[in-house]
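# Give me coordinates for this.
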Amino acid sequence: MRENKIEHFTTEKDIVLIYFEEKPLSFARIESILPDSKPDWYHVKLLMLQLPLQVVTWILRDAYINGETFTMNGKRVRLEKVISPDEPAAEAGSGQQAPTGRKPDSSGQAKVIALNDLRKR
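Sure thing, here's the model as predicted:
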């Protein structure tokens, strides 16, 4: 059984983890959610985040988009919205730093490093 969590409604551009028979299978990004001709059903276009990239469209009810288990060809499938974890306060203020090989900025402020600058080295 899944734990009771705060509801996070899944929308376009969200990343979801697809479970197949209760095992994580793949990540996907929801590209679009368009209404079907049947009430309460939607065409959900998913960009499968695997190689090779593939776009699929599933016809799902809103409850299925938001994490309720459904079946495809008799197999249990579930979408779970991926929520980026917050940085724990203890880690952020512990004084410990990730090993980056760089000295911290003396101002105590975070420094933004442009990726283009790194590529030139």
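# mind listing what the residue nearest the centre of the chain touches?
The centroid of the chain falls nearest to residue 15 when counting by CA atoms, centre = their mean (2.9 Å). Taking CB atoms under 8 Å, 6 or more residues apart in numbering, we find residue 15 in contact with 27, 28, 29, 30, 49, 81, 82. Using the backbone N, CA and C atoms, a C-beta is placed for each residue, glycine as well.
# so how many other residues sit close to the closest residue to it other than its chain neighbours?
The shortest distance from residue 15 to any residue other than its chain neighbours is 4.3 Å, reached at residue 82 (CB to CB, 6 or more residues apart in numbering). Using other CB atoms under 10 Å, residue 82 has 15 other residues around it.
# Test my guess that residue 82 contacts residue 10.
No: look at residue 82 against residue 10 with CB atoms under 8 Å: they stay out of range, at 9.7 Å.
# returning to what we had before: now, the most widely separated pair of the contacts of residue 15?
Across the contacts of residue 15, the longest distance by CB to CB is 14.0 Å; it joins 49 and 81.
# Can you give me the distance of the residue lying closest to residue 75 once chain neighbours are set aside to residue 12?
The shortest distance from residue 75 to any non-neighbouring residue, by CB to CB, 6+ apart, is to residue 21 (5.9 Å). Remark: distance between residue 21 and residue 12 (CB to CB, to the nearest Å) = 27 Å.
# who's more crowded, the two?
Taking neighbours as other CB under 10 Å, residue 21 and residue 12 compare with residue 12 leading, 12 against 9.
# shaky segments in this protein?
1-8, 89-108, 113, 117-121 (pLDDT under 70).
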